[in-house]
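**Q** attaching a predicted model along with its sequence, questions to come.
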Amino acid sequence: MTPIIEIESVSKKYFIPQNSVHYKTLRESLTSFAFLKAKNEFWALRDITFSMNPGETMGVIGKNGAGKTTLLKVLSKITRPTYGKGKINGRVASLLEVGTGFHPELTGKENIYLNGVILGLKKKEIDRNFEGIVEFAGIKDFLNTPIKHYSTGMWARLAFSVAAHLEPEILLIDEVLSVGDAEFQKKSLTKMNDLSKGGRTVVFVSHNMPAIRQLCSRCMYISNGIIREIGNVNDVINAYLSLNKRDNKGTVDLANCVVRKGSQKVKLLNIELRNQNDQITGTFFLKDELHINLFLQAFEHRRSVKIVVELLNDYSERICSMYDSDSGFSLKNVFGKIHISLVLKDIRFYPGRYHISVSVLSEILNYKYDCFDEIEDAIGFDVENQLIMDRVLTRRSGLIFLTPEWQVY
Amino acid sequence: MAGYEIKPSKWLSFDLNELWRYRELFWFMAWRDIKVKYKQTLLGFFWVIIQPLVLMFIFSILWTKVMKDVTVDMPYPLFAYSGLIFWGLLSSGISSASESMISNSNIIKKVYFPRIIIPSSAIIIALFDFLMTLIVYILMIFYYNLEISFLKFTGLMLLSLLITSGASFGIGLMIASATIKYRDFKYVIPFFLQALFFISPVVYPLSLIDSDSLKFILSFNPLAGAINLSREALSNNAVDWYPVIYSVVMTVFLLIAGLTLFRRMESQYSDML
């Protein structure tokens, strides 16, 4: 069988401007001798080689910033690889988001056509599938209403419904299922299952491991732009989960981390997690102390700097956003190296993997602020299963461990 | 089978087969722009007509009060209006084409299609507006009861339409490519258009300029050629083809330069937007 997708040593390099100003102004280029400065190179993909036969469904997993979306962008020709080559032997539809090109002023009907054509459908094909799209989305009564009046749910249903009626040979999907409510996600998963059973070749990027297990015949684990594992779905997912687990030394060097936002005028250099015994660790138990030590460097003098630390669980659900001001703390007259420590006494998280995201912001003036540095999932830690009194706490038994005062009257 | 190859970018010719496959997207993008533009306006198409008409009145009054000595060989309102509508086509073509890449960046980052579709479909809305103003122009010709040759009028108007839209596409492509890298170019557009208005014979005849060398330089302005042509379409004199040739050459040059620059930057668009 000839492969429908053949990728050979594909690499993709991005340049990250030194000061991370997203759009250059001409003046900056002219006055800063930008051409003399070393640019930060960032290899989003390195030497990716794989092939797929018609009808296969490939899951792609990996951390945020590992290169999953870049891979889809290269496959769909949205961006060109720096090196390497590939061959796609079929009609491709890429779904990097649902509802690409939706215009709020246009009606549902008009948007079905516009979105369909943008995704690569012919007008005739949309005509033919129109009834089906409207029915699947369940928006029959609102066809002639501008979609700015739609609810988020209706909007997402309409968008997915157009996408589900694409009839390409190859479908590239990025985290589409993360939109919409649980019922809609279930519906779209079923639809995706039908699509892959119908002989489509699908590349499916997701953090949703159960969905990957259910839909995919093969799986690929990418980290730092390199294929770490490729093959049997369960093997690769287990490798990913256990690798992720081992990666909790309790300290991380972020000085050279490139997956970050902000101007880096105040930069997060590293993070250390310590317990009540002052040991650096990535493993904690219920009721332990968690000391989050942030090491920052301010490259210019700032009157004040705001810090936000967020905790997320393994399903990317935000457990809490901790602003320094919530605790009455604020960082003043900042310059040079700074060490801050946050102490959470008596942590009450159920067993599982947790992720810490950190943002360093300027002071907020008129609801506006500058972002100096923001790193998602900068470091992770585990809360271990343990025996509490007469039972074992596991990650399935809840989110937050509370011990109220019980009384009987 | 409609497959493709993935390879590092090189800057060569446009893939015409591919462009043809994406023709529906071109029309849908143009249709969307027109639809959205007129959807929420009370007076709709009238806005497009009112703008050159109001300017025409203002300049007609100024002309009779200030420039009494200079004469043009047709009623002045008609003279000014023909200049104003072609200037309108050029300026709205340039601004919509040059803004198009940034205003559609969300689509460009998420879906592949030949990028040239975006700025070229943006020209359609300028052409659409132009056709609206052209109707008024034709009504004015009837009002002034001018005797014109239908064939000559249609031919010359088409030629000037081609020159103007070609030039605005070329310039628009250049600014669009530049704006993606340097956002400052956005601020250049209004200034550039205003300057262009004054150096083009929009409201005055080129014969007003008595320096031959200056006249020569100004005749490279494609808009000057286009506007002159549109005026000659109304007169019975023989057409002076020399300035036209300059304008055509200049337009072709702008188109080639715009396409080359755009093509060169094309592979980087989704990374830089």
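**A** Arrived safely, thanks for sending.
**Q** skip ahead from the lowest-mean-pLDDT helix or strand in chain A and say which helix or strand is next.
**A** None of the helices or strands of chain A scores lower by mean pLDDT, DSSP states H and E than helix A:26-31, at a mean of 58. Sequence-wise, the next helix or strand beyond helix A:26-31 is strand A:40-52, with elements assigned using DSSP states H and E.
**Q** who does that next one touch, helix- and strand-wise?
**A** Using 3 or more Cβ pairs under 8 Å, 6 or more residues apart in numbering or on different chains; DSSP states H and E as the contact test, the elements touching strand A:40-52 are strand A:5-16, helix A:68-75, strand A:226-231. All C-beta spots, glycine's among them, are computed from the backbone N, C-alpha and C.
**Q** which residues of the chain score low on pLDDT?
**A** You didn't pick a chain, so chain A it is. Low-confidence segments of chain A (pLDDT under 70): A:16-40, A:176-182, A:244-247, A:315, A:387-390, A:392, A:394-397.
**Q** right idea, wrong chain: chain B
**A** The low-confidence ranges in chain B, as defined by pLDDT under 70, are B:1-3, B:8-14, B:42, B:68-69, B:273.
**Q** go through it and flag its longest helix.
**A** With DSSP state H applied, the helix covering the greatest number of residues in chain B is identified as helix B:150-181.
**Q** what about that one, near chain A?
**A** Yes: judged by Cβ under 8 Å from any Cβ of the partner chain, helix B:150-181 and chain A are in contact via residue B:181.
**Q** can you check stretch B:249-269 too?
**A** Yes: using Cβ under 8 Å from any Cβ as the criterion, contacts between stretch B:249-269 and chain A involve residue B:267.
**Q** which residues are contacting that stretch?
**A** If you take Cβ atoms under 8 Å, 6 or more residues apart in numbering or on different chains as the criterion, stretch B:249-269 is touched by A:79-80, B:9, B:11-12, B:14, B:101, B:108, B:115-116, B:119, B:162-163, B:166-167, B:169-174, B:176-178, B:180-181, B:220-222, B:225.
**Q** how far off centre is that stretch?
**A** How far stretch B:249-269 lies from its chain's middle: 16 Å, per Cα atoms, centre = their mean, to the nearest Å.
**Q** in it, what's buried?
**A** B:250-251, B:254-255, B:258-259, B:261-263, B:265-267, B:269 (16 or more other Cβ atoms under 10 Å in any protein chain shown).
**Q** CA atoms of that stretch as CSV?
**A** The C-alpha trace of stretch B:249-269 is given here as CSV (Å, rounded to 0.1, in the frame of the first residue of the first chain):
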residue,chain,number,x,y,z
VAL,B,249,4.4,50.5,-18.1
MET,B,250,4.4,51.9,-14.5
THR,B,251,1.3,49.7,-13.6
VAL,B,252,3.0,46.6,-15.0
PHE,B,253,6.1,47.4,-13.0
LEU,B,254,4.1,48.0,-9.8
LEU,B,255,2.2,44.7,-10.3
ILE,B,256,5.4,42.7,-10.9
ALA,B,257,7.1,44.4,-7.9
GLY,B,258,4.1,43.8,-5.7
LEU,B,259,3.7,40.2,-6.7
THR,B,260,7.4,39.4,-6.3
LEU,B,261,7.5,41.0,-2.8
PHE,B,262,4.3,39.3,-1.7
ARG,B,263,5.5,35.9,-3.1
ARG,B,264,8.8,36.3,-1.3
MET,B,265,7.1,36.9,2.0
GLU,B,266,4.3,34.5,1.5
SER,B,267,5.8,31.5,3.2
GLN,B,268,6.5,33.6,6.3
TYR,B,269,3.1,35.1,6.7
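**Q** quick check: the gap between the residue of chain B found nearest chain A and residue B:121.
**A** Nearest residue of chain B to chain A, counting by Cβ to the nearest Cβ: residue B:6, 3.6 Å away. Here residue B:6 is placed at a distance of 26 Å from residue B:121 (Cβ to Cβ, to the nearest Å).
**Q** give the contact list for the residue of the stretch 301-409 of chain A found nearest chain B.
**A** Of the residues in the stretch 301-409 of chain A, the one nearest chain B is residue A:370, at a distance of 17.4 Å by Cβ to the nearest Cβ. Contact partners of residue A:370, counting by Cβ under 8 Å, 6+ apart, are A:262, A:263, A:265, A:361, A:362.
**Q** if we go to 10 Å?
**A** Contact criterion Cβ atoms under 10 Å, 6 or more residues apart in numbering or on different chains gives A:262, A:263, A:265, A:266, A:302, A:360, A:361, A:362, A:363, A:364 as the residues in contact with residue A:370.
**Q** out of those, who has the most neighbours?
**A** Taking other Cβ atoms under 10 Å in any protein chain shown to define a neighbour, the member of the contacts of residue A:370 with the most is residue A:360, carrying 27 neighbours.
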